[in-house]
Structure formats: C-alpha cells, structure tokens
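Chemist: Build me a model:
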Amino acid sequence: MKCREVLEPGAIACVECGTRLDQLVEAANGTTIEANAPSSPTPPPNRNSLSYREDRNSRQFEASLTDSAMHGLGDVFGELFAQRGVGRAIMQPSMRTIVREETIVDGARQLPPASPAGKESMEQPAETKPGQTATNKQRVLDIFSIKGETLELIDNRLKAKTGADYLRRLTYLYLYAQEQHGRAPTPKADLIAVLKEAKIYDTNARTWLTKKIGFSVDSEDRLKLIAGAREQAVKTLDEALDTNVPDDWNPDTKTVRTRTPRKKA
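Modeler: Residues are numbered from 1 along each chain as shown. The predicted structure follows:
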C-alpha cells in the first residue's frame, strides 16, 4: 500500500520499503495511517498484486491474482514485460553456463586437451612433424606394432645374412623395442612367441637362447639387453629401415639346401 510492490507470501513486512504488515492491517481498519501511504485497500488474503507503469504517455497496469492464476500467467506476463523492456535482465530465462578450465599461453586462451576415450596398455608415440627426425621409439614401430602389453612383428625384413644372423637380429631388436616402450625386462615367453610368429623358433633357437648371448636373465625368466647387444639392435634397426641394404635372408625367402650324398670310402 505504500510502495506498490508485490508482497512476499508469509513475510511480516514489505521487502522493498520495510513497512510491517500489521501496520497495513491497521491502516486498512482505519486505526492508524502510515505517513505518505496511499489510501488503496489492502489486498485480500492469498492474492498477489501486480503493478506496471510506463513513462512518456503514462501507461499503467494493475492486477490482483491468486497463486494459481500467477502460476498460469507467469510466463505470459514475463514475455509481455520483456517485450516492453521492463526487467529484461530478470525476465529473460536463465541459461546454462558450461565452465571449462582454460590456460593462457602468450596472451591467448587455450582449452586443455580432451581426455582420451581409452588408454592402451602401452603408450602410443607422438607423430613426427615434417622436418623432424623420428626417435628410435617411433622407428621401431615400423618393424613392430603395439598389441596389448607386447609388440607384434609386422615387417620381417631385418636384412640378415643367415638364419643364425636373423635369430640374433630379431632377438636383440625385439628386446630393444620393448625397452624403448618402457617394458624392460621382457618375459622370455613373449620373445619366444615373436620367434614362433617369425618362423625362426626351432632347436637351434632354443639352444642359442640358453647361452644368454647379449642379454641377461633374472630369477623370473625375464630378459634384458646388455650394452653391446643394445648397440647391435640399433644397427639392425638402421639397416632394416635402409632400402639400400639388401635383404639376403628372411623366413619367407629362405631355401632348403639339399644335402650332398656322402662319398663312400
């Protein structure tokens, strides 16, 4: 009745001007008149009063509505007042705000990289940019591919001279590739699986592995390269990826030599 603002349900005073409701009741009963209070009647209980005024040509709107009517017409009044430019900041529907962490690099905002959908058990190396030399960790993936917790042979052209040379090259290079991808020492069973896939695991291979030439074996039957064999693995990698080096022997091109008959004494 004093400031013409809508009364909050259950409030003991107007939240805008601070006038207590008991004073308004007294004013309605004619016992006390608040200073500067207009003489309009007190709104009936459980009703909501709306008042709208517009400057320049004087437009005015007043209404007294029940709670149910307010719920039904709330959106209508909100849209109406928003179109008239009244309470635009309040009447506009709230919008969801998605906040993402940002980093500032050289004065520019950058979003953090998205999380991968899934991680493989072995780390995938970064791609080589044009003009950038590939690391040995990346180069070994031209010979092997990542398969779960181990590596799979995908190119058997190791530029070997003989079968024994091929066995040595594949063993050292495989252990070196595992080492480059953070999985050293390597279980002996994994090496044997690769030798079998390469069709090079036979009696000679089993005998050579027992000699432990170029690698050490721990108590859990895991293999680890020693310094000299590691250097040979790097040399094998260079030659395997060099197209100018001939591939004299590999399991797919080897030929079975026929034995010459023994001469009779």
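
Chemist: so what's the nearest residue in space to residue 179 that is not next to it in sequence up against?
Modeler: Spatial nearest neighbour of residue 179, chain neighbours left out: residue 225 (6.5 Å); criterion: Cβ to Cβ, 6 or more residues apart in numbering. C-beta: built from backbone N, CA, C; applies to glycine. Listed by Cβ atoms under 8 Å, 6 or more residues apart in numbering, the contact partners of residue 225 are 172, 175, 176, 179, 184, 214, 215, 233.

Chemist: just residue 157 next, same as before
Modeler: 240, 247, 250.

Chemist: now do the same end-to-end measure for stretch 190-210.
Modeler: The first and last residues of stretch 190-210 sit 16 Å apart, counting by Cα to Cα, to the nearest Å.

Chemist: can you confirm residue 145 is in a strand?
Modeler: Yes - according to DSSP: H, G, I helix; E, B strand; the rest coil, residue 145 belongs to a strand.

Chemist: got the end-to-end distance for stretch 47-67?
Modeler: 6 Å.

Chemist: residue ranges with poor pLDDT in the stretch 151-265 of the chain?
Modeler: 255-265 (pLDDT under 70).

Chemist: Would you map the helices across it?
Modeler: 163-180, 188-197, 203-210, 227-240 (DSSP state H, counting those that start in this stretch).

Chemist: re the thing from before, what's the spacing between the residue nearest to residue 179 and residue 133?
Modeler: As judged by Cβ to Cβ, to the nearest Å, residue 225 and residue 133 stand 23 Å apart.

Chemist: same thing with residue 5?
Modeler: 75 Å.

Chemist: got it, and residue 18?
Modeler: Counting by Cβ to Cβ - residue 18 and residue 133 are separated by 77 Å.

Chemist: Ok, residue 183 next?
Modeler: Taking Cβ to Cβ, one finds residue 183 at 24 Å from residue 133.

Chemist: Pull the number of nearby residues for residue 166.
Modeler: 22 (other Cβ atoms under 10 Å).

Chemist: Surely it is in contact with residue 251?
Modeler: Yes - the pair residue 166 and residue 251 qualifies as a contact (Cβ atoms under 8 Å) at a distance of 7.3 Å.

Chemist: which residues are in contact with both of these two?
Modeler: The contact lists of residue 166 and residue 251 share 198, 200, where a contact means Cβ under 8 Å, 6+ apart.

Chemist: Buried among the contacts of residue 225? Need that as a selection in PyMOL.
Modeler: Restricted to buried positions by 16 or more other Cβ atoms under 10 Å, the PyMOL selection for those reads:
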select buried, resi 172+175+176+179+214+215+233
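
Chemist: Using a markdown table, lay out the contacts of residue 225 together with distance to residue 155.
Modeler: Compiled in a markdown table, the contacts of residue 225 are given as follows (distance: Cβ to Cβ, whole Å):
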| residue | distance to residue 155 |
| --- | --- |
| 172 | 16 |
| 175 | 17 |
| 176 | 15 |
| 179 | 19 |
| 184 | 22 |
| 214 | 22 |
| 215 | 22 |
| 233 | 15 |
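
Chemist: returning to that earlier point: ok, now how distant is the residue nearest to residue 179 from residue 15?
Modeler: 80 Å.

Chemist: about what we covered before: name the pair among the contacts of residue 225 with the greatest separation in space.
Modeler: Distance extremes for the contacts of residue 225: the farthest pair is 184 and 214 at 13.9 Å, using Cβ to Cβ.

Chemist: So residue 183 and residue 133 - more neighbours on which side?
Modeler: Looking at residue 183 and residue 133 with other Cβ under 10 Å, you find the greater number of neighbours at residue 183, namely 18 against 7.
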